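Asks: got a predicted structure plus its sequence, pasted below:
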There are 2 protein chains.
Amino acid sequence: MAASAEENSEDLQTWPKFVLFGDSITQLAFCDGGWGAALQHVLQRKCDVVCRGLSGYTTAWGKLVLPQVINKHNATDVVLVTIFFGANDASLKEMSPKHVPLDNYKTNLRDMLEYLQQLGLGPDQVILITPPALDEQAWQKHCQGMGSSINRLNEVTGQYAKACWEVAEERKVTCVDLWTAMQKEKDWQRFLEDGLHLSRKGNQFLAQHLVPLAQEGTNHLPIIFPLSEDVDPYQPEEALLHKTEAKED
Amino acid sequence: MAASAEENSEDLQTWPKFVLFGDSITQLAFCDGGWGAALQHVLQRKCDVVCRGLSGYTTAWGKLVLPQVINKHNATDVVLVTIFFGANDASLKEMSPKHVPLDNYKTNLRDMLEYLQQLGLGPDQVILITPPALDEQAWQKHCQGMGSSINRLNEVTGQYAKACWEVAEERKVTCVDLWTAMQKEKDWQRFLEDGLHLSRKGNQFLAQHLVPLAQEGTNHLPIIFPLSEDVDPYQPEEALLHKTEAKED
């Protein structure tokens, strides 16, 4: 082999990271037709789409773990971040100890934005996503199957969506208001799997909103490694043994 | 916010990486229903599935860039690697300057395995994948559309698949013989999009072979961040401010 493990060991090609941070709707983003996978497909050879979705987590928990997800050791590699919480925060107070009061939800989102800003991430590098609309009929059925009463209401989730939108406005951060966007569509319940989590169609619907934002937020990034047509098959070393950044000089 | 950017900055939670290294069939692994996305879905909160697919690349080019993909700086984070080349190597000599002679293809695969071994990756951490079967009729049509004659043949690709399998046997590395597995199935041509690249069904077929291997290769890995049910909602700090590794002590 031309290059041994030792010789080329300094030349790691760093790939920017697009971090998806949120609850189960983020954790499931690479399901069949998933919105995370759609982003990774569109951003191929531009950046890694990194899934940091944590089922059952709220903004209160998210802000505790965020410094373990992004901190000074990796912040310069982060090109974009989605913050997508609220579906659990909006659990009814009397039904779940996970309930996060509306004001705290806003404060938690603000804290996370501020923390990312401290790390050098500009407001144009963050996308807030509101919780999706809740199909109460389907979710009630799901809850009944689990032996409990319905623990969320669409109107309450809507308050969290509005709060998320307000924080985004206040901090000049882009917001995908999924709750509102969904309900503008005919038969929006088809976007949900069990009334709460996104179905294949719901994943695609969210991807439609995120893909243009992701493209906009990454259009300054170079394609990593030379394109096949830019490699001379008779002298591939010339193109391939120089890193992308170096090639741009 | 409880933790400032400074306070917690040492506590980055490292996620193991499953690196998919190959040509366009790897680059496209996060398409709708893609095999890379399927792996990421199954391995949620265990590791990042990292796409290092490079359209049009051969083993000759792959071995040149591999030290920029994995080297001493990141090798300890790598839990699994797929090496999936051959579809371009098997281009007919008289039809493409990218053609890699069969013996060179074997040498290149051996070199890559040896390089990874030098970095401390055991043979159980690498999965070789043979090129898929070629649907000559569909690929000819595609080539005609591009104004050229057919530049690959299924039988020739089969020789590369056999060579890949032999290298895997020799080096005690697991091999998914996609070329052979596909042709055991009825109407295997449905696994291909254009005669060469995997269709949605082909992506799923490959995923079916890889998922059990990925699970086996990662079953020693802990779930990253505490599961929701292991977090006390009244004292979440206790569970969430300790990293996964620490929790296992």
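Replies: Alright, I've got the coordinates. Computed from a predicted structure; not experimentally measured. Numbering: from 1, shown residues only, chains lettered A, B, ... in the order given.
Asks: is residue A:20 in a helix, a strand, or coil?
Replies: At residue A:20 the chain is in strand, as set by DSSP: H, G, I helix; E, B strand; the rest coil.
Asks: the domain parsing of chain A - what is it?
Replies: A:17-218, A:223-249 (automatic domain parsing).
Asks: could I get the ones you listed as TSV with mean neighbour count, mean pLDDT and distance to chain B?
Replies: Bear in mind the C-beta positions are built from the backbone N, C-alpha and C, glycine included. Below are the domains of chain A laid out as TSV (neighbours: other C-beta atoms under 10 Å in any protein chain shown; pLDDT from 0 to 100; distance: least, C-beta to the nearest C-beta, whole Å):
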stretch	mean neighbour count	mean pLDDT	distance to chain B
domain A:17-218	20	97	3
domain A:223-249	14	82	3
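Asks: format those as a markdown table; extra columns: distance to residue B:129.
Replies: A markdown table is the format used below for the domains of chain A (distance: least, C-beta to C-beta, whole Å):
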| stretch | distance to residue B:129 |
| --- | --- |
| domain A:17-218 | 18 |
| domain A:223-249 | 19 |
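Asks: residue B:207 is nearest to which of these?
Replies: Proximity to residue B:207 (C-beta to C-beta) singles out domain A:17-218 among these, at 9.7 Å.
Asks: helix or strand right after the helix or strand hosting residue A:103?
Replies: Secondary structure assigned from DSSP states H and E places residue A:103 in helix A:102-118. Using DSSP H and E, the helix or strand that follows helix A:102-118 in sequence is strand A:126-129.
Asks: can you tell me what sits against the next helix-or-strand element following that next one?
Replies: Downstream of strand A:126-129, the first helix or strand assigned by DSSP H and E is helix A:136-145. Residues from elsewhere that reach helix A:136-145 (C-beta atoms under 8 Å, 6 or more residues apart in numbering or on different chains): A:149-154, A:189, A:192, A:194-196.
Asks: SS state for the closest residue to residue A:148 other than its chain neighbours?
Replies: Excluding the flanking residues, the one nearest residue A:148 by C-beta to C-beta, 6 or more residues apart in numbering or on different chains is residue A:95, at 7.8 Å. When classified by three-state DSSP, residue A:95 comes out as coil.
Asks: from the contacts of helix A:136-145, pick the one nearest residue A:207.
Replies: residue A:192 (15.3 Å).
Asks: quick one: contacts for the closest one?
Replies: So residue A:192 contacts A:132-135, A:138, A:198-199, A:202 (C-beta under 8 Å, 6+ apart).
Asks: strands of chain A, start to end?
Replies: For chain A, applying DSSP state E gives strands covering A:17-22, A:48-53, A:78-84, A:126-129, A:174-176.
Asks: which one of these lies closest to residue A:61?
Replies: Of all the strands of chain A, strand A:17-22 comes closest under C-beta to C-beta, at 11.1 Å.
Asks: can I get that closest one in CSV, CA atoms only?
Replies: C-alpha atoms of strand A:17-22 as CSV (Å, rounded to 0.1, in the frame of the first residue of the first chain):
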residue,chain,number,x,y,z
LYS,A,17,-21.5,17.8,11.5
PHE,A,18,-25.2,18.6,11.3
VAL,A,19,-26.5,17.7,14.8
LEU,A,20,-30.1,16.6,15.2
PHE,A,21,-30.9,17.2,18.9
GLY,A,22,-34.3,16.3,20.4
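Asks: and the helices in chain A?
Replies: With DSSP state H as the criterion, chain A has helices at A:24-27, A:35-42, A:59-69, A:102-118, A:136-145, A:154-171, A:178-183, A:200-218, A:236-240, A:244-248.
Asks: with distance to residue B:66 as extra columns, can I get those helices in a markdown table?
Replies: Output for the helices of chain A, formatted as a markdown table (distance: least, C-beta to C-beta, whole Å):
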| stretch | distance to residue B:66 |
| --- | --- |
| helix A:24-27 | 31 |
| helix A:35-42 | 21 |
| helix A:59-69 | 28 |
| helix A:102-118 | 34 |
| helix A:136-145 | 47 |
| helix A:154-171 | 42 |
| helix A:178-183 | 40 |
| helix A:200-218 | 25 |
| helix A:236-240 | 10 |
| helix A:244-248 | 15 |
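Asks: figure out which of those is closest to residue B:86.
Replies: Residue B:86 lies closest to helix A:236-240 among the helices of chain A, at 16.9 Å (C-beta to C-beta).
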